[in-house]
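Student: I'll drop the sequence and a predicted model, then ask my questions.
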Amino acid sequence: MGLNMTIDLGVQELIVLGDSDLLIRQAQGEWKTRDLKLLPYKQCVEDLSKRFRSIEFRYIPIIYNELADTLATLASMLPYPGNTCITPLEIQLRDQHGYCNTLEVESDCEPWYLHIKNFLQTGKCPEHANGDQKRTIRHLTSGFFLGGEILYKRTPDLNLLRCVDVENAEKIMNGIYAGVCGSHMNGYVLVKKILRAG
């Protein structure tokens, strides 16, 4: 289901993280799949994997993947109606410091990420861009991910940060600063609240 969802989103490059050493090594082709019940699943993964420009399977020990383990346990308790579309569950988990960059308002009122988003959508740079600017835009896009109409910035630990324009950033900041999330918080807690709201 996860591979199908990423294909539907138009993802071309994917890293699959799993806490089953056996399944990851089978998906990587390092180990053979001997269980007859698993052969159709292995074939399905191989077929779906061909639809990506690049796909990588990585093993993560379960002690570093508690959230996925909890979700798998919950999912196993629910009946799955075969003909129902399941909307993906969006979960935000932040136990680290958040970082932000201050950006000046663009003179043309366009969002700061407009050229990056356009390049990911169309594969084309702006007509007025020179060679250096085009190289910069192509280089920058490798650090971003487009999910539908929403642009995300990739972090080194594979988290995605939603990109917002000045207007939405001000709404988020004003809502939090006005005390919606509590008025007595230090800077670290405030940054976490802002990132959750984004």
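Tutor: Sure thing, it's come through.

Student: need the strands for this protein, in chain order.
Tutor: For the chain, the strands defined by DSSP state E cover 13-18, 54-59, 144-147, 150-154, 160-162.

Student: TSV for those, including mean neighbour count and mean pLDDT?
Tutor: No exception for glycine: its C-beta is placed from N, CA and C like everyone else's. Shown next, in TSV, are the strands of the chain (neighbours: other CB atoms under 10 Å; pLDDT from 0 to 100):
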stretch	mean neighbour count	mean pLDDT
strand 13-18	15	88
strand 54-59	14	91
strand 144-147	17	86
strand 150-154	16	85
strand 160-162	15	82
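
Student: Which among these is found nearest to residue 71?
Tutor: Residue 71 sits nearest to strand 13-18 of all the strands of the chain, at 12.8 Å, using CB to CB.

Student: which residues touch the closest one?
Tutor: Strand 13-18 is contacted from outside by 2-3, 6, 24, 27, 52-60, 65, 68, 158, using CB atoms under 8 Å, 6 or more residues apart in numbering.

Student: Relative to it, what are the paired strands and their orientations?
Tutor: If you go by DSSP bridges, strand 13-18 pairs up with strand 54-59 (parallel).

Student: what's the strand it pairs with in contact with?
Tutor: When contacts are defined by CB under 8 Å, 6+ apart, strand 54-59 is touched by residues 12-21, 24-25, 27-28, 49.

Student: What is the neighbour count of residue 3?
Tutor: Residues lying near residue 3 (other CB atoms under 10 Å) number 18.

Student: so it makes contact with residue 48?
Tutor: Yes - the pair residue 3 and residue 48 qualifies as a contact (CB atoms under 8 Å) at a distance of 4.3 Å.

Student: the helices in the chain, which residues?
Tutor: Secondary structure of the chain, counting by DSSP state H: helices at 2-8, 21-28, 39-49, 66-77, 114-122, 131-141, 166-177, 187-197.

Student: what's the third one in contact with?
Tutor: In other words, helix 39-49. Residues outside helix 39-49 that contact it (CB under 8 Å, 6+ apart) are 3, 4, 7, 26, 27, 33, 55.

Student: Tell me what angle it forms with strand 13-18.
Tutor: 150 degrees (axes from the mean of the first three to the mean of the last three CA atoms, to 10 degrees).

Student: Thanks a lot, catch you later.
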